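Participant: I'll drop the sequence and a predicted model, then ask my questions.
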Amino acid sequence: MKKRYALRFSPTLVEQPLVSKLVRTYDVDINILNADVASGRGGKLIVELSGSEEALRQSVLWLNRTGVVVSEMVKELNFQEELCINCGACTAVCSPRALFMDKDWKLIYDADLCVLCGLCVQACPMQLFSLSNEREA
């Protein structure tokens, strides 16, 4: 089972080995999809956790007890593709290349690569992208 989460943590938690503890103690694999972390400032990680349903549940409980704010991520980005004019503005901000132009200059969206950062929502001049709300885990 795989689930995506946003992890928000305080400056004091930045110095703790949270990721290695999850892997060793709860037998989950962690794919870090996006990170904004700085010592003394706190941070946010967008991660995909893989493991059994119970391992994921226990991992989230432990993170919450540790002081990490855990939000389960939305499943997909909402994109009104039929209204797209293929300007490509969103591709400039899409680091994981989930949005790209094909050889015929048509915008392509690959949901499997999307980390749900929301930068395309801001970049699209036609306002064709939106994100649903995260759910607190």
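Facilitator: Looks like it came in fine.
Participant: And what about the residue lying closest to Cys87 once chain neighbours are set aside, helix, strand or coil?
Facilitator: The shortest distance from Cys87 to any non-neighbouring residue, by Cβ to Cβ, 6 or more residues apart in numbering, is to Pro125 (6.6 Å). Yep, even glycine has a C-beta here, placed from its N, CA and C like the rest. The local conformation at Pro125, judged by DSSP: H, G, I helix; E, B strand; the rest coil, is coil.
Participant: What is the burial count for Pro125?
Facilitator: 9 (other Cβ atoms under 10 Å).
Participant: can I see the domain layout of this protein?
Facilitator: 2-72, 78-136 (automatic domain parsing).
Participant: next one: the first one to chain centre, how far?
Facilitator: Looking back up the chat, that one is domain 2-72. 12 Å (Cα atoms, centre = their mean, to the nearest Å).
Participant: correct me, but the residue nearest to Cys87 touches Gly88?
Facilitator: No: using Cβ atoms under 8 Å, Pro125 is not in contact with Gly88; the gap is 10.6 Å.
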